[in-house]
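In: missing the sequence, but the structure's below:
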């Protein structure tokens with residue numbers, strides 16, 4: 001029985017989109033600072049989710065999910081900066097930003113139910 005875990009699936013798909021964005025920003029826009037930041041935070045969401053799933057305790061699970069939430073919030077910030085500084089176009093921003101907000105909502109829900 002292989003039940004799909006929505007946060008694992010969505011955070012990995014988001015990370016792959018962030019990697020593509022990073023490649024675009026570095027090759028096409030020659031932007032290296034913010035692109036590195038968003039690469040780090042955007043891929044860290046899924047990494048922390050995976051760590052949480054394999055956590056040793058409920059406390060460990062909650063701690064890793066909370067880190068994933070913080071990384072998602074940071075990624076949201078970098079997306080806003082990249083958009084407002086015209087490194088990413090409106091259509092690209094409107095394509096990825098809602099996905100980040102969805103991850104934030106899911107992670108907020110998970111961390112709220114896991115608080116002790």
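Out: Alright, I've got the coordinates. The shown structure was predicted, so the numbers you read here are calculated from the model rather than taken from an experiment.
In: is it true that residue 55 touches residue 66?
Out: No - using Cβ atoms under 8 Å, residue 55 is not in contact with residue 66; the gap is 11.6 Å. Backbone N, C-alpha and C define where each C-beta goes, glycine included.
In: the two - which one has more neighbours?
Out: For residue 55 and residue 66, the more surrounded residue by other Cβ atoms under 10 Å is residue 66, and the numbers stand at 18 against 14.
In: which SS state does residue 56 fall under?
Out: Following DSSP: H, G, I helix; E, B strand; the rest coil, residue 56 is assigned to coil.
In: same deal with residue 31?
Out: Once three-state DSSP is applied, residue 31 turns out coil.
In: surely it meets residue 25?
Out: Yes - taking contacts as Cβ under 8 Å, residue 31 lies within contact range of residue 25: 4.6 Å.
In: what touches both of the two?
Out: 82, 87 (Cβ atoms under 8 Å, 6 or more residues apart in numbering).
In: look at those two and report which has more neighbours.
Out: Of the pair residue 31 and residue 25, residue 25 is the one with more neighbours under other Cβ under 10 Å, namely 21 against 18.
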